[in-house]
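In: Need a 3D model of the sequence below.
(one chain, ligands or ions: 1)
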Amino acid sequence: MDFDFSEEQEMVRAMAREFTDEAVRPLAESIEANHQVPGELLEQMAELGLMGIAIPEAYGGAGLGETGLCIVMEELTRGCFSTAATYGAHTSIGATSVEVGGSEEQKARFLPPMAAGEVLGAFALTESNAGSDPAAMATTAQRDGDQWVLNGEKIWITAGDIAGLTTVFAVTDREAGVKGLSAFVVPAGTPGFTVGKREEKMGQRGSSTVTLVLEDVRVPADHLLGAEGSGFAVAMKTLDRGRLAIGANCLGCGREALALSRAFAQEREAFGKPIAAQQAIQWMLADSATELYAIESMVYRAAWMCDAGRPFSRESAATKLFASEALDRIVDRGVQIHGGMGYSEECAISRLYRDARVTRIYEGTSEIQRLVLARDVLKNG
Ligand SMILES: Cc1cc2nc3c(=O)[nH]c(=O)nc-3n(C[C@H](O)[C@H](O)[C@H](O)COP(=O)(O)OP(=O)(O)OC[C@H]3O[C@@H](n4cnc5c(N)ncnc54)[C@H](O)[C@@H]3O)c2cc1C
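Out: Now for the predicted structure:
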């Protein structure tokens, strides 16, 4: 057994950490206040090669797989969850959906500009009546000669307004249930493909979340990802990987919350001594450190399984479920340790508390992860 990261992975971590400390964390407050991740920051990430970190080298990426992506995600989230979420929409679910669903020709065509960060990706599955249950989606795609015509509306799409290429899921055969869903790559600027409402959110306010409207959107036939009817499989395979990256987000956010809590506890005095001297505070720090160790172990073991080509759906669901629920406890303890200051908008821990909450909701709620896990346990033991 070898639990060490490779030299290359350590170098990526060091680079991502330095970038986060120098360029990302100092902007976190303004990203929150302006509800926007600056385009220049994304360009810097592209220059560092981060946009294609998990994309295979054959398609212009760094080929560092899910483990490499999780390392970068963990580090970025320590500095700014909104930036990491925007990055994740591109790398973790946007580009990944093309990688897992596309033919060789499609991957060779679409992935290199995504790896270079010239084209950002997004993933559009959710609709107003189809969140946990994608089979209920109303968006349709109909074949017309050598084109597909898409109609419908997608909601809650992270970075949908800045993406150059969005993977859109649509019904191609209503009678076939989940086997009647197909995935399409839709370039920004295609006539009829427009950005609608932008959500005002509780947290991750710098990460844009928008409605995408499709009105008679025509894409060439070869923009169908993989085979007709494979859309549900493409979505699930993508989310298996996406959920690991969310685990890494939880790890980064939780580490930052613990660091802030530790610093505050050592500085703040009550009853004539630092509150860190109180066992009640020490136990909160100890519980958070323990949960972070568990998240770290789950994320990187499951990422290793993914990169080794082993089945990892159960591990992915368990990682996302545990990491997101543990993160909620960690940021809650962080607010508690900060006392009244923890409830102030001036204090970073309050932002982390709000940013964390959605990890139990997106890319499958905790209830859906339990459903996936229970089905697997009942079927396979
Ligand atoms: C900030 C943010 C960013 C997002 N980004 C994206 C994105 O980039 N792309 C995208 O496609 N989507 C995105 N989403 C959508 C997200 O994935 C969905 O919100 C999520 O899957 C839940 O769907 P829903 O909101 O429709 O809730 P619902 O499915 O309506 O669920 C409501 C409640 O019912 C529960 N529930 C539903 N079915 C069951 C069941 N069978 N058993 C037990 N409980 C159940 C749920 O767990 C939940 O508690 C994003 C959402 C948010 C908030």
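In: Apart from its neighbours in sequence, what residue is nearest the residue in the stretch 51-200 of the chain positioned nearest to the ligand?
Out: The ligand sits closest to residue 131 of the stretch 51-200 of the chain, with a gap of 1.8 Å, by CB to the nearest ligand atom. In short, each C-beta sits where N, CA and C put it, glycine included. Once flanking residues are discounted, residue 131 sits nearest to residue 156: 7.8 Å by CB to CB, 6 or more residues apart in numbering.
In: ok so, going back, number of residues surrounding the residue of the stretch 51-200 of the chain closest to the ligand?
Out: The tally of other residues near residue 131 (other CB atoms under 10 Å) stands at 18.
In: And residue 110, by the same measure?
Out: Residue 110 has 23 neighbours, counted by other CB under 10 Å.
In: what about the nearest residue to residue 64 once chain neighbours are set aside, neighbour count?
Out: Among residues not flanking residue 64 along the chain, residue 53 sits closest, at 5.2 Å (CB to CB, 6+ apart). When neighbours are defined as other CB under 10 Å, residue 53 has 28 of them.
In: Just confirm residue 53 contacts residue 75, I think it does.
Out: No: with contacts counted by CB atoms under 8 Å, residue 53 stays clear of residue 75, the gap being 11.2 Å.
In: For residue 13, see how far away residue 154 is.
Out: Using CB to CB, to the nearest Å, residue 154 is found at 34 Å from residue 13.
In: higher neighbour count, these two?
Out: Set residue 154 next to residue 13 and count neighbours by other CB under 10 Å: residue 154 wins out with 26 against 16.
In: secondary structure class for that one?
Out: In three-state terms, and counting by DSSP: H, G, I helix; E, B strand; the rest coil, residue 154 is strand.
In: residues touching it, list them.
Out: The contact partners of residue 154, by CB atoms under 8 Å, 6 or more residues apart in numbering, come to 124-127, 139, 160, 168, 211-212, 214.
In: can you do 7 Å?
Out: Contact partners of residue 154, counting by CB atoms under 7 Å, 6 or more residues apart in numbering, are 124, 126-127, 139, 168, 211-212.
In: Repeat that for residue 352.
Out: Taking CB under 7 Å, 6+ apart as the definition, contacts of residue 352 comprise 253, 256-257, 331, 334.
In: And for residue 165?
Out: By CB under 7 Å, 6+ apart, residue 165 lies in contact with 110, 114, 119, 121, 185, 187.
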